[in-house]
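In: Mind folding the following:
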Amino acid sequence: MDSKTINIAHEIEETYDVEVMPIDIENMGKKEMNDILRKAIDEFPVVDVEVKLPEWVHVLSNKNDIKKHYLNKIKESVVNVNKIKDVDTIINYYTDSKYINRAYISNLDTGSGLVTLNLESSDELYNETLKSIMGDVNISKASILKVFSEYREGQEEQASLSQALKMTYSSGYGIVYPTLKDMHLDTPEIIKQGSRYGVRLKAKATSIHMIKVDVESTFEPIIGTELQSKELINYIMKDYKDDPSSIWKSEIFGRSLDCIVKEGIQAKLSMMPENTRYKLSNTVTKIVNKGSDKLIAIVL
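Out: Next comes the predicted model:
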């Protein structure tokens, strides 16, 4: 081994803290050189593993069993991958998967340490998942086309409802404004004003008015002594600081607080008679059409 080779070997030993065995390059065959290069590449670090999932799996909720299976398998397969030589072991974690049809390495960049792992699923699994989400709906090309057509038609309505809800929450009153297709034009009429004539064009359109109503529900259980009442309050509020939503899961007399309050609010809302709702709708209609800014309400 000449002096140049010795210097390179010494430099590698100091940089990577490994022992470099002397190599006789002149008498080495092509296979032996490839083996050495392969072993050297195997020691290169893996910086990142990029995993490509089927697009439909990616959009599933993280609570979905299929999505959870994919995520768990990915974690298991890459946890011990530190060097290029470990990449081959990744595929072994997917051989017994019931949801992953095929797993393969599509890219291995030794320079950047980036590994790309592709996971594929079967068409049968997609169809089964679609059926479970859609329920009893017959899944076919026609039914899917119908769903997307209805979704397209409902986009405009959803946008109007969303805007009206924002108005309702912010100011207490929201309006879904009618579109051109909601408008109906009556037959034009000739009108007379004194000695002059004109035309009356009358149009009608349905608008939806939303009113924010704060409903109060009171629950007053009689416990017994003052001390017992304080103990109940402490029980309800014990986890409130760490998790404010936990108060709704507190059980009183065998029922959760959220169920008790929800039933109380629903009972109050259902108490509003049908004829009162009709009168309220007519009142708003008159206010809008007459442009009145004065209202006297008597609630008995």
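
In: pretty sure Leu60 is in contact with His69, am I right?
Out: No: counting by Cβ atoms under 8 Å, Leu60 sits too far from His69 to count as a contact (10.5 Å). All C-beta atoms are positioned from the backbone trio N, CA, C, and that covers glycine.

In: Would you mind splitting this structure into its domains for me?
Out: For the chain, automatic domain parsing gives the domain ranges 3-42, 48-129, 141-208, 213-292.

In: So which of those domains is the most surrounded?
Out: The highest mean neighbour count among these, using mean count of other Cβ atoms under 10 Å, belongs to domain 48-129: a mean of 14.

In: That one spans what distance, first to last residue?
Out: 31 Å (Cα to Cα, to the nearest Å).

In: Check stretch 203-211 too.
Out: End-to-end distance for stretch 203-211, by Cα to Cα: 25 Å.

In: neighbouring contacts of it?
Out: Identification of contacts with stretch 203-211 by Cβ atoms under 8 Å, 6 or more residues apart in numbering yields 164-165, 167-168, 172-178, 182-186, 284, 288.

In: just stretch 242-250 next, same as before
Out: 235-237, 239-240, 256-258, 261.

In: cool, stretch 110-117 as well?
Out: 41, 44-52, 74, 77-78, 81, 84, 87, 90, 103-109.

In: Spit out the contact partners of the nearest residue to Ser217 once chain neighbours are set aside.
Out: Of all residues not flanking Ser217 in the chain, Gly264 sits nearest, at 3.4 Å (Cβ to Cβ, 6 or more residues apart in numbering). Shown in contact with Gly264 (Cβ under 8 Å, 6+ apart): 217-219.

In: Same question for Gln228.
Out: Contacts of Gln228 by Cβ under 8 Å, 6+ apart: none found.

In: how far is the strand or helix carrying it from where the chain is centred?
Out: Assigned by DSSP states H and E, Gln228 falls within helix 226-237. Distance, stretch centre to chain centre, for helix 226-237: 38 Å (Cα atoms, centre = their mean, to the nearest Å).
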